[in-house]
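Novice: sequence and predicted structure below; questions after.
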Amino acid sequence: MNLLKNLRDLFVPYRCLHCKTITHKNQKFLCLPCSLQLSHTNFTNYNNNPLEKLFWGRVEIHQASSLYFYYKDSPIQTLLKSLKYRGLQNFGTDAAKTLIHELQNTSRFSNIDLVIPVPLHPKKKKLRGYNQVETFGKTIAKSLNATYIPDGLLKIVHNKSQTKQSKEERHNSVKHIFKANPKHNLNYLNVLIVDDVLTTGATLLACINTLKKAYNVNISIITIACVV
Ligand SMILES: [Zn+2]
């Protein structure tokens, strides 16, 4: 198999996922110039960071972080699209490893008991075959000695894509689409909710409100990328 792989590498050049230029196969996902365009937020060990401020006055959260700033038509958009639609789950694992590196320099997020992903509707999960945030969430949970609970939150309404909706429409359309899974008792636990990208915060806000309504929980959030 290795020989076959080596032969393939010889004849099928490895290309950057974003700009498609031929690049070294050891360069993961992106060529060097594109990977240098990834913009780290450095929010992980930063109290009262802009992501946390986004939730001020809306809901109480413990801590929030995101690895990268999200920009349209940029390498981070390509990576997240590949993670979501083309099965590039290794990127989720890699992003988590980078974030874990940041966690080593802070006591923030050290008290997490459970990691819960923003869920997909079962129909969508069946169609896609996986939740795009799973590898990211599982890897973070392992490093925090926390338990990963894929079904802590359930998506009970199959809503349409939010991408063309206004901020107001997004908040209204996601308000009642999640449900806390009664199978798990989350009372008095520290829960970390993970997602791939935060844009308006409407989805995460709906998840947080759903869990807080059902249980007395402390909530933190971490996403791979964010718009703030
Ligand atoms: Zn490139």
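Specialist: All right, it came through fine.
Novice: mind checking which helix or strand the spatially closest residue to Ala95 that is not a sequence neighbour is in?
Specialist: Excluding its sequence neighbours, the residue lying closest to Ala95 (C-beta to C-beta, 6 or more residues apart in numbering) is Ile224, at 4.9 Å. Bear in mind the C-beta positions are built from the backbone N, C-alpha and C, glycine included. Using DSSP states H and E, Ile224 maps to strand 218-226.
Novice: hang on, the earlier thing: touching, the residue nearest to Ala95 and Ser65? I think so.
Specialist: No. Using C-beta atoms under 8 Å, Ile224 is not in contact with Ser65, being 10.4 Å away.
Novice: now stretch 182-200: buried residues?
Specialist: Going by neighbour count (16 or more other C-beta atoms under 10 Å), the buried part of stretch 182-200 is 184, 186, 189-200.
Novice: now swap in stretch 24-34 and tell me
Specialist: Phe29, Leu30, Cys31, Cys34.
Novice: how about stretch 32-51?
Specialist: Cys34, Ser35, Leu38, Thr41, Phe43, Thr44, Asn45, Tyr46, Asn49, Leu51.
Novice: in CSV: the residues you listed, plus secondary structure.
Specialist: Listed next are the buried residues of stretch 32-51 as CSV, based on DSSP: H, G, I helix; E, B strand; the rest coil:
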residue, secondary structure
Cys34, helix
Ser35, helix
Leu38, coil
Thr41, coil
Phe43, coil
Thr44, coil
Asn45, coil
Tyr46, coil
Asn49, coil
Leu51, helix
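Novice: keep only those that also lie close to the ion.
Specialist: Cys34 (C-beta under 5 Å from the ion).
Novice: phi, psi of Leu198?
Specialist: Dihedral pair for Leu198: phi -110, psi 120, per degrees, to the nearest 10.
Novice: how about low-confidence regions in the chain?
Specialist: 1-2, 5-10, 160-164, 170 (pLDDT under 70).
Novice: nice, that's everything, thank you.
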